[in-house]
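>>> Sequence and predicted model, in that order:
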Amino acid sequence: LYPMRTGQSSTISLLYDRRTWITIYLFAFILPTMCLKRLNQLRFTSLFAIACYGYIMIVVLVYATNDSLNHCRYDDTECGGDIQVFPTNYWKIFKALPFFVQIYSCHFNSFSICNELRNCSMTRLNIIIISAISMSMAIYTVIAY
């Protein structure tokens, strides 16, 4: 989200390198959360992640609804290309299918969620699973639409 700078010294250009910020983020946020023993200890990290998703949704919605941010408005050609409602090559669906199966399946987290609940029942697990799937579907619908 910041412009690329060229022709600067190596120390300043290191600050604008994305690998530097990914490494800092890794050591500051990701590695400390890997040492936590219980899911309950990740509540603030999860809240931060949901806030980041909300920020991304707001940025996408503002960009999609504000015409002054559209860089293609002065261009006579179609800058974004053609929009296809149905894919022309159905084999490409299979490239994205594992991604969506991973997103919408909660089965690999079910045991750890059940261990964290005070009164683990099938009703409570169903509420958690339905709310997680509904939230992810709402986020994907807003972003993709």
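Received it, and whenever you're ready, just let me know what you need.

>>> What is the helix or strand where residue 134 lies packed up against?
For residue 134, the host element (DSSP states H and E) is helix 122-144. Secondary-structure packing of helix 122-144 (3 or more C-beta pairs under 8 Å, 6 or more residues apart in numbering; DSSP states H and E): helix 43-65, helix 93-104, helix 110-116. (Each C-beta comes from the backbone N, C-alpha and C, glycine too.)

>>> which other residues reach stretch 41-57?
29, 33, 36, 139, 142, 143 (C-beta atoms under 8 Å, 6 or more residues apart in numbering).

>>> At the geometric centre of the chain, which residue do we find?
For the chain, residue 53 is the residue whose C-alpha lies nearest the centre (C-alpha atoms, centre = their mean; 5.9 Å).

>>> now it: how far from residue 59?
To residue 59, residue 53 is 11 Å away according to C-beta to C-beta, to the nearest Å.

>>> Could you do residue 116 as well?
32 Å.

>>> now swap in residue 114 and tell me
Applying C-beta to C-beta to residue 114 and residue 59 gives a distance of 35 Å.

>>> low-scoring stretches of the chain, by residue?
Scanning the chain for pLDDT under 70 picks out the ranges 1-12, 71, 73-87, 103-108, 144-145.

>>> switch to 50 and redo it
1-3, 6 (pLDDT under 50).

>>> What about residue 28, how many residues nearby?
Using other C-beta atoms under 10 Å, residue 28 has 9 other residues around it.

>>> Just say helix, strand or coil for it.
Assigned by DSSP: H, G, I helix; E, B strand; the rest coil, the conformation of residue 28 is helix.

>>> Relative to residue 57, how far out is it?
24 Å.

>>> Please indicate which of the contacts of stretch 41-57 are buried?
Listed as buried from the contacts of stretch 41-57 are residue 139; burial here means 16 or more other C-beta atoms under 10 Å.

>>> and the contacts of stretch 41-57, which two are the farthest apart?
Maximum pairwise distance among these (C-beta to C-beta): 30.4 Å, between 36 and 142.

>>> Counting neighbours, what do you get for the closest residue to residue 38 other than its chain neighbours?
Using C-beta to C-beta, 6 or more residues apart in numbering and skipping residues adjacent in sequence, the residue nearest residue 38 is residue 116, 6.6 Å away. Per other C-beta under 10 Å, the neighbour tally for residue 116 reads 12.
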